[in-house]
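Enquirer: With the input below, show me the fold.
(2 chains)
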Amino acid sequence: MRGAALLLVVVIAACSDGPVVGAAPLPRPQALVDCAQAPDDLQARLWVSGSDEPCFLVVDDAGAAGRCAVAPGIERRVTLDWFIDRGGQDVVLAQAQRELDLTGAQADESVAFVDADYATDACKDMSADSFAGADTVVIDGQDRPVCDLDDDAASNVSEVCIGADPLGGL
Amino acid sequence: MTSVAAALAVAVVAQPARADDKAPVITHVPPGTCPQPAIAGGPPPPCVVEATIVDTDGVFDPTLLVRLKGVQAFERVAMKPKAGAVDVFQATVPATLSVAGGVEYLIEAFDVEGNGPSRAGDEATPLVLEKAAAVVPPVDPVEDNTGLIIGVVAGVGVAVVAGVAIGVAVYALRPPAPTEVGIVIAAPSPLALTVTP
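Expert: Purely as a prediction, here's the structure:
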């Protein structure tokens, strides 16, 4: 069962300060936990503040992993998007964010997310602002919540898991 | 014959011994200066004038005549044989004169036959003893901290220079800062996307 490994991922803490551990688990509708139709084209990418381009991660049944190069010397905000592509439109299903102090970094820093870090209904669009992000994304001239693109009060992931169209026929 | 011999003997006896008619020879190297007290205000060391005075009959009344510059009259100081030295006589300039300033002097002597006087220097152009340069008082090591201050300043300076040099060396030898590090990500698939069996 994918991800059933209790989502425990080895944390390689190269920095003494370490990354900020995620806040309290976000409430998640039971329906979302029971994902009947998980997408098989799931992708993951990492936005690093200060960079306009995301870093794509390798996704397998257990999760996502990868190494993203970045210049050290400052604190960075990293944002992990789990998303799928529907007709050229990125549909963000879950998102996690961390602050990472690279001020004195001399070597790679490891960041391990846990499920509690993920948000599925309050996501940010990081494509235009890799630090603060935007609450909405413009589709057909309309501002739409990033994790509810059809703005129907049902998150993208909840719709995907039941086989519905997260874009709502947009 | 006997009378002739007697006459010759009388003549020999009667003829007086041949007397020295030459005055003593004085050899003198002017010392130039009189030494000054080693400690300001302290007692002056003796200002000794000596000369070698030679006469076959014997030297009589060797005398140092000395006066302050500008003073008319000379004081007479008898010169005594120097112990352990043949024909060397010496006299000490009175301290009142030697510490006061320039001293003019001459040396004169007769022989025991009354020949003389021989002189080194004369009244018109006397020899001179100048007052030696003032002696710098010895430094009191307790009172004078100049050396200590210089030493401390120099030491601090050396330490600063050494510190800077070490700092520069450490900086120069430091490992190069990375221009890039990696953010290594490990993330589980969201539970929300987990298929429930």
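Enquirer: check contacts around the residue nearest in space to the middle of chain B.
Expert: For chain B, B:Pro35 is the residue whose C-alpha lies nearest the centre (CA atoms, centre = their mean; 8.1 Å). Taking CB atoms under 8 Å, 6 or more residues apart in numbering or on different chains, we find B:Pro35 in contact with B:Pro44, B:Pro45, B:Cys47, B:Ala132. For every residue, glycine as well, the C-beta is placed using N, CA and C.
Enquirer: distance of it from B:Val71?
Expert: The span separating B:Pro35 from B:Val71 equals 22 Å under the rule CB to CB, to the nearest Å.
Enquirer: what does B:Pro94 give?
Expert: According to CB to CB, B:Pro94 stands 12 Å off from B:Val71.
Enquirer: who's more crowded, the two?
Expert: Relative neighbour count places B:Pro94 above the other of B:Pro94 and B:Val71, with 15 against 12, counting by other CB atoms under 10 Å in any protein chain shown.
Enquirer: Would you confirm that that one contacts B:Val66?
Expert: Yes. The pair B:Pro94 and B:Val66 qualifies as a contact (CB atoms under 8 Å) at a distance of 7.2 Å.
Enquirer: Kindly list the longest helix within chain B.
Expert: Taking DSSP state H as the criterion, chain B has its longest helix at helix B:146-173.
Enquirer: can you map out the helices along chain A?
Expert: Residue ranges of the helices in chain A, as given by DSSP H, are A:30-33, A:156-161.
Enquirer: hang on, the earlier thing: give me the buried entries from the contacts of B:Pro35.
Expert: Neighbour-count burial (16 or more other CB atoms under 10 Å in any protein chain shown) is assigned, among the contacts of B:Pro35, to B:Pro44, B:Cys47, B:Ala132.
Enquirer: Keep the residues you listed, but drop any that are not near chain A.
Expert: Contacts with chain A are made by none of those, judged by CB under 8 Å from any CB of the partner chain.
Enquirer: Among those, pick out the one closest to B:Val112, please.
Expert: Minimum distance to B:Val112 across the buried ones among the contacts of B:Pro35 is 28.8 Å, recorded for B:Cys47 (CB to CB).
Enquirer: between the buried ones among the contacts of B:Pro35, which is nearest chain A?
Expert: B:Ala132 (73.2 Å; CB to the nearest CB).
Enquirer: Skipping its backbone neighbours, what lies nearest the closest one in space?
Expert: Spatial nearest neighbour of B:Ala132, chain neighbours left out: B:Thr33 (4.1 Å); criterion: CB to CB, 6 or more residues apart in numbering or on different chains.
Enquirer: number of nearby residues for that neighbour?
Expert: When neighbours are counted by other CB under 10 Å, B:Thr33 registers 16.
Enquirer: Also B:Ala159?
Expert: Residue neighbour count, defined by other CB under 10 Å, stands at 10 for B:Ala159.
Enquirer: Quick check: it vs B:Phe74, distance?
Expert: Taken as CB to CB, the spacing of B:Ala159 relative to B:Phe74 amounts to 66 Å.
Enquirer: Next: A:Val58.
Expert: When CB to CB is applied, the distance between A:Val58 and B:Phe74 equals 121 Å.
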